[in-house]
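K.L.:
show me the folded form of this:
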Amino acid sequence: MTDAGQLLRLHDEQVRGTIADRLPDGWTPSWDGPVLRVTTQARGIVFGRDLAGVPGDELDALIARAVDFYAGQGLAFEWKTYGHDRPDLPDRLADAGFTADPTETVVVGEAADLVDAGVAPDGITIRTTTDPADLRQIADLQTEVWGADWSWLADDLADRIASRPEDIVVLVAEAGATVVSTAWLVILPGTEFAALWGGSTLLGLRGRGIYRALVAHRARIAVERGIRYLWVDASDDSSPILQRLGLRAITTTTPWVWTP
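P.N.:
Numbers count the residues shown, from 1 in each chain. Below you'll find the predicted structure:
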């Protein structure tokens, strides 16, 4: 079994190290030294790597330029940080007016170990979709589950499907004609990894195994596609389930958000 340290190195190389190579067509990248700034339909996202050797004043200048870049567009943005990055970065972001969203646990496991993680309970069916009407229902469900406006998600998923249809599989779980849970698998081409994203279930149907069934369904697809590792930036609700299924916690990630 690959240990947590090896999984972290693989994650940094194959997941963080390939972000610029696999953006959806509707996302616009720009570089500022070691910092990748991405503009999506809804917001900005900043990814930084190899910041350990950057002097403090230069790092503060990188942060300030990112703020200016997105302020000029009237966009909120997040700076995605990791628990094993330089320890002073969160304080520097806070000093620049950012606020921290909830920290997530980065978990990684072998796809082959998850193919039997669960089965859909009675009355629940799982199917794949690319239908725009389903994508809007997915966005509506995410809005309900997370208590924030996720209406942008329908366009984001449509963009991903149009950009690289072979690298994304979108699933819905239904009770009758009602979408009650969602999930998607995003394959990172040229790597051993795929991401388990979007796993969310309506409150009244949690605890019945739907989430685990969606994990298993995506794991089987990943194995069929030759993917070895599955990775999740997991919420506090999802992380315990995933770790019980055998995924390993390798670090944490916290989005620091700046709002105009």
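
K.L.:
where do the helices sit along this protein?
P.N.:
Under the criterion DSSP state H, helices of the chain are mapped to 4-10, 56-71, 89-95, 132-146, 152-163, 210-224, 238-244.

K.L.:
so which of the ones you listed is the most packed in?
P.N.:
helix 210-224 (a mean of 22; mean count of other CB atoms under 10 Å). Bear in mind the C-beta positions are built from the backbone N, C-alpha and C, glycine included.

K.L.:
pull the distance from it to the chain's centre.
P.N.:
16 Å (CA atoms, centre = their mean, to the nearest Å).

K.L.:
ditto for stretch 163-183
P.N.:
16 Å.

K.L.:
hang on, the earlier thing: need the helices of the chain in JSON lines (columns: mean pLDDT and distance to residue 183).
P.N.:
Shown next, in JSON lines, are the helices of the chain (pLDDT from 0 to 100; distance: least, CB to CB, whole Å):
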{"stretch": "helix 4-10", "mean pLDDT": "95", "distance to residue 183": "22"}
{"stretch": "helix 56-71", "mean pLDDT": "98", "distance to residue 183": "30"}
{"stretch": "helix 89-95", "mean pLDDT": "98", "distance to residue 183": "30"}
{"stretch": "helix 132-146", "mean pLDDT": "97", "distance to residue 183": "9"}
{"stretch": "helix 152-163", "mean pLDDT": "95", "distance to residue 183": "12"}
{"stretch": "helix 210-224", "mean pLDDT": "97", "distance to residue 183": "4"}
{"stretch": "helix 238-244", "mean pLDDT": "94", "distance to residue 183": "11"}
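
K.L.:
output these as JSON lines; include the columns distance to residue 79.
P.N.:
JSON lines is the format used below for the helices of the chain (distance: least, CB to CB, whole Å):
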{"stretch": "helix 4-10", "distance to residue 79": "20"}
{"stretch": "helix 56-71", "distance to residue 79": "7"}
{"stretch": "helix 89-95", "distance to residue 79": "6"}
{"stretch": "helix 132-146", "distance to residue 79": "20"}
{"stretch": "helix 152-163", "distance to residue 79": "19"}
{"stretch": "helix 210-224", "distance to residue 79": "28"}
{"stretch": "helix 238-244", "distance to residue 79": "22"}
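
K.L.:
for those helices, which one sits closest to residue 25?
P.N.:
helix 152-163 (4.2 Å; CB to CB).

K.L.:
need the contact partners of the closest one.
P.N.:
Under the criterion CB atoms under 8 Å, 6 or more residues apart in numbering, residues 24-27, 40-42, 130, 132, 135-136, 138-139, 142, 167-168, 170, 184, 186 lie in contact with helix 152-163.

K.L.:
cool, stretch 216-223 as well?
P.N.:
111-119, 126, 169, 171, 183-185, 187, 194, 196, 230.

K.L.:
likewise for stretch 50-58?
P.N.:
Contacts for stretch 50-58 (CB under 8 Å, 6+ apart): 33, 34, 59, 62, 85, 86, 88, 89, 92.

K.L.:
quick one: terminal-to-terminal distance for that stretch?
P.N.:
This stretch, stretch 50-58, spans 13 Å end to end (CA to CA, to the nearest Å).

K.L.:
what's the answer for stretch 71-81, then?
P.N.:
Start-to-end span of stretch 71-81 (CA to CA) is 20 Å.

K.L.:
buried residues in that stretch?
P.N.:
Residues of stretch 71-81 classed as buried: 75, 77, 78, 79, 80, 81 (neighbour count, 16 or more other CB atoms under 10 Å).

K.L.:
ok, what's across the strand from the last one?
P.N.:
Residue 81 has these beta-bridge partners by DSSP bridges: residue 254.

K.L.:
hmm, it is touching residue 90, no?
P.N.:
Yes: counting by CB atoms under 8 Å, residue 90 is a contact partner of residue 81 at 6.2 Å.

K.L.:
hey, what's in contact with both of those two?
P.N.:
What both residue 81 and residue 90 touch, as defined by CB under 8 Å, 6+ apart, is the set 254, 256.
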